[in-house]
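what follows is a predicted structure for the sequence shown.
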Amino acid sequence: MSVPRPPDDTEPSPTPSDAAVPAPSDTPAPSDTPSDAAVPAPRDAAPSSDEQRLRELGYVQELARSMSGFSNFAVSFSIVSILSGCLTLYGFGMNTGGPALITWGWPVVGLMTLCVGLSMAEICSSYPTAGGLYYWAAKLAPSRAPAWSWFTGWFNFLGQVAVTAGIDYGAATFLNALLDLQFGLSATPAHTVEIFAVILVAHGLLNTLGVRLVALFNDVSVWWHLLGVLIIVGVLVFVPDHHSSASFVFGKFVNDTGFHSPFYVAMLGLLLAQYTLTGYDASAHMTEETHDAARSGPRGIVNAIVVSLVAGWVLLLGLTFAIQNYDGERTSGSGVPPAQIFIDAIGHTGAKLLLLIVIGAQFFCGMASVTANSRMIYAFSRDGALPGSRLWHRINPRTQTPTSAVWLAAGGAFLLGLPALWNSTAYAAVTSVSVIGLYIAYVIPVYLRLRQGDTFVRGPWHLGRWSRPIGTVAVGWTALITVLFMLPTVSPITALSFNYTPVAVAVVLGFAGVWWLVSARRWFTGPRVQSSLQESDLVASDVEKS
């Protein structure tokens, strides 16, 4: 059974010209530029235009629509969090490629990521709903739309939970390093997991207090990250008496993995950049809470990538130039090489202050990740696709937030991070799971959009004639990294060093696949939308009265 298309998704007559493709009823015809700057305002300028568009897509307004375009961008930027991803995996990068891969891998991965983000942003403009990726897959699939939607949603769920686990576990390692410096609390796996649990509980509590508080924290997070990068880089540039040479920063290759192929090790080293540049789909999941969603959502996705790409490279260069003793910092007893770099470069007191900046950024990042994860869970449960959907879709009437989904996001992340108690490579595996889960979910709608060609009905923000080449690059890059990050990261491979990424992916995919074959294919029809605007209006009236 196919998912019904919204009333304005009429099929245009075939034409080789982008300019002749009709746009949705509330948008002008698209131009051939990858910018929305020249697009005039929608014809329907009424205050309820966002809610009206949402009803056209089959849903009523249940969440509080109180976020600005900047706040929407702030959620994605906070989840990308260069001060989290870049620094928590910096030690991994020091062993898999070293300074050369840390320095050059970032812009290469950044440009590929931008292609993925641009392709997603164009689809987001057409379908600004909290369901995001799995809703897009259902609307874009030429056939078997429920199956495309089902598996996209499950990959997105896996990636969202994994990225929350990766962010908050990384924050726990840095906080443990600071507590070790200040109070002598040893950085053992048990202590780190305990701190990890406390951070997740704090993020769960903050997310139950309402979207306005979350939006405020995310707005602060943007400036915390930008000013934090400037302070950290400024201190590392001007305070140390010694800096590494340019030949070391741009050319030093290190292989401490046990593998003998430099090319293989270099490819593994790309995980540092690729893990950091994830999570920007949050802007799509927050569109039902954002004003002017068809433009603000796409802008949030793209701007989060671009700003992170520039600021992240500055941060990595500043940290790498500040290295004083590579081998000593790489094998730091705290398990947090950036902390040792700070200590060697500027002393213990300054290092503690810089660590506070990093931990604050990581805390903001984890909170935004729980927010986005809970909205995806809410939307997926709204369509009955998760066990216990009735519970996870429940809205707190006081805050208009999906409180139960918030705690599922936090609890799932804790379970995924638990193997760190006994697996020395668990953190790298969690980050790999997040990359694979999210990017497969990212690229399925992009692939389906490519198959639609000129029949795709664009929103007010689009890529024009660049849609196909950019989308093709996005699909190819995702195929590469999906295989790459399932491969072993150290040799020899033992029970303690085994990369359990394929196991985690197989368990979730196997569960979703078996459930689909045994049961879900008979009742899951994709996003549950009302069949008409009149029906949506009736449901909206019921929501307003409740």
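Nice, thanks for sending it over.

C-alpha from now on. contacts and neighbour counts both.
Fine.

just the strands in the stretch 201-350 of the chain please.
254-255 (DSSP state E, counting those that start in this stretch).

can you list the low-confidence ranges for it?
333-334 (pLDDT under 70).

how about the helices in it?
211-238, 246-251, 262-268, 271-276, 282-285, 293-321, 326-330, 337-346, 348-382 (DSSP state H, counting those that start in this stretch).

return the most buried member of the ones you listed.
helix 282-285 (a mean of 32; mean count of other CA atoms under 10 Å).

where does the protein dip in pLDDT?
For the chain (pLDDT under 70), the answer is 1-48, 333-334, 424, 529-546.

hmm, what's the outermost residue in it?
residue 241 (38.0 Å; CA atoms, centre = their mean).

contacting residues around the nearest residue to that one once chain neighbours are set aside?
Once flanking residues are discounted, residue 241 sits nearest to residue 345: 7.9 Å by CA to CA, 6 or more residues apart in numbering. By CA atoms under 8 Å, 6 or more residues apart in numbering, the residues touching residue 345 are 236, 239, 240, 241, 242, 322, 323, 324.

could I get the phi/psi values of the fourth one?
Spelled out, that is residue 241. Here is the backbone geometry of residue 241 (degrees, to the nearest 10): phi -80, psi -20.

for residue 217, give its distance to residue 291.
Look at residue 217 and residue 291: by CA to CA, to the nearest Å, they are 18 Å apart.

make that residue 431, sorry
The spacing between residue 431 and residue 291, counted by CA to CA, is 32 Å.

the two - which one has more neighbours?
Neighbour count, other CA atoms under 10 Å: between residue 431 and residue 291, residue 431 has more, with 28 against 22.

could you look up the SS state of the more buried one?
Put simply, residue 431 is helix when judged by DSSP: H, G, I helix; E, B strand; the rest coil.

number of nearby residues for residue 388?
Neighbour tally, residue 388, other CA under 10 Å: 10.

just checking, what packs against the helix or strand harbouring residue 175?
For residue 175, the enclosing helix or strand under DSSP states H and E is helix 145-183. Packing contacts for helix 145-183, counted by 3 or more CA pairs under 8 Å, 6 or more residues apart in numbering; DSSP states H and E, involve helix 82-88, helix 133-140, helix 189-207, helix 348-382, helix 403-417, helix 426-452, helix 501-515.

quick one: closest of those helices to residue 119.
With CA to CA as the criterion, residue 119 lies closest to helix 426-452 of those, at 6.2 Å.

beyond that closest one, next helix or strand please.
Reading on from helix 426-452 to the C-terminus, the next helix or strand found by DSSP H and E is helix 467-484.

next one: that following helix to chain centre, how far?
Distance, stretch centre to chain centre, for helix 467-484: 17 Å (CA atoms, centre = their mean, to the nearest Å).

next, the angle from it to helix 426-452.
Angle, helix 467-484 to helix 426-452, by axes from the mean of the first three to the mean of the last three CA atoms, to 10 degrees: 150 degrees.

re earlier: distance to residue 213 added to the helices and strands packed on helix 145-183, as CSV?
Shown next, in CSV, are these (distance: least, CA to CA, whole Å):
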stretch, distance to residue 213
helix 82-88, 21
helix 133-140, 26
helix 189-207, 8
helix 348-382, 11
helix 403-417, 14
helix 426-452, 26
helix 501-515, 33
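
residue 58 is nearest to which of these?
Comparing the helices and strands packed on helix 145-183 by CA to CA, helix 133-140 comes nearest, at 10.8 Å.

I'd like to know which elements the closest one is packed against.
Contacts defined by 3+ CA pairs under 8 Å, 6+ apart place helix 133-140 against helix 145-183, helix 426-452.

can you redo those helices as a markdown table with distance to residue 59?
Supplementary listing: the helices and strands packed on helix 133-140 in a markdown table, determined by distance: least, CA to CA, whole Å:
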| stretch | distance to residue 59 |
| --- | --- |
| helix 145-183 | 17 |
| helix 426-452 | 20 |
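
and the ones you listed: which comes nearest residue 367?
Nearest to residue 367, of all the helices and strands packed on helix 133-140, is helix 145-183, at 8.6 Å by CA to CA.

buried residues, that closest one. List them.
145-178, 181 (16 or more other CA atoms under 10 Å).

quick one: residue 123 from residue 435, how far?
Taking CA to CA, one finds residue 123 at 20 Å from residue 435.

hmm, I typed the wrong one, I wanted residue 240.
Counting by CA to CA - residue 240 and residue 435 are separated by 35 Å.

higher neighbour count, these two?
residue 435 (28 against 16).

test my guess that that one contacts residue 158.
No. Judged on CA atoms under 8 Å, residue 435 makes no contact with residue 158 at a distance of 9.8 Å.

buried sites along the helix or strand hosting residue 113?
If you go by DSSP H and E, residue 113 is part of helix 98-126. Buried residues in helix 98-126, defined by neighbour count with 16+ other CA under 10 Å: 98-107, 109-110, 112-126.

what angle do helix 467-484 and that helix make with each other?
130 degrees.

so which elements touch helix 98-126?
helix 90-95, helix 246-251, strand 254-255, helix 271-276, helix 293-321, helix 426-452, helix 467-484.

can you tell which of the ones you listed is closest to residue 135?
helix 426-452 (8.9 Å).

buried stuff in the closest one?
By neighbour count on 16+ other CA under 10 Å, the buried set for helix 426-452 is 426-450.

with stretch 83-99 instead?
Along stretch 83-99, these residues count as buried under the neighbour rule (16+ other CA under 10 Å): 83-99.

stretch 188-201 too?
Under 16+ other CA under 10 Å, the buried positions of stretch 188-201 are 189, 192, 193, 195, 196, 197, 199, 200, 201.

wait, the last one sits on residue 409?
No. Because the distance of 10.7 Å does not satisfy CA under 8 Å, residue 201 is recorded as not touching residue 409.

show me how far stretch 222-229 is from its chain's centre.
That offset, for stretch 222-229, works out to 19 Å (CA atoms, centre = their mean).

again with stretch 102-114
Distance, stretch centre to chain centre, for stretch 102-114: 16 Å (CA atoms, centre = their mean).

now do residue 212 against residue 73, distance only.
Separation of residue 212 from residue 73 (CA to CA): 15 Å.

try residue 429
To residue 73, residue 429 is 28 Å away according to CA to CA.

just residue 372 next, same as before
Distance from residue 372 to residue 73, by CA to CA: 12 Å.

ditto for residue 357
21 Å.

only C-alpha atoms, please: export stretch 200-216 in CSV.
Extracted in CSV, the C-alpha atoms of stretch 200-216 (Å, rounded to 0.1, in the frame of the first residue of the first chain):
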residue,chain,number,x,y,z
LEU,A,200,22.3,11.5,30.5
VAL,A,201,19.9,11.9,33.4
ALA,A,202,20.7,15.6,33.5
HIS,A,203,19.9,15.9,29.8
GLY,A,204,16.7,14.0,30.2
LEU,A,205,15.5,16.3,33.0
LEU,A,206,16.3,19.4,31.1
ASN,A,207,14.5,18.2,28.0
THR,A,208,11.3,17.5,30.0
LEU,A,209,11.1,21.2,31.0
GLY,A,210,10.0,22.4,27.6
VAL,A,211,11.2,23.5,24.2
ARG,A,212,11.7,27.2,25.2
LEU,A,213,14.4,26.2,27.7
VAL,A,214,16.0,23.9,25.2
ALA,A,215,16.0,26.6,22.5
LEU,A,216,17.6,29.0,25.0
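
which outside residues touch it?
Contacts for stretch 200-216 (CA under 8 Å, 6+ apart): 64, 66-67, 71, 75, 168, 366-368, 370-371, 399-403, 406-407, 410-411, 414.

that one: how far from the chain's middle?
Per CA atoms, centre = their mean, the displacement of stretch 200-216 from the mean C-alpha position of its chain is 18 Å.

with stretch 377-384 instead?
Chain-centre distance of stretch 377-384: 19 Å, with CA atoms, centre = their mean.
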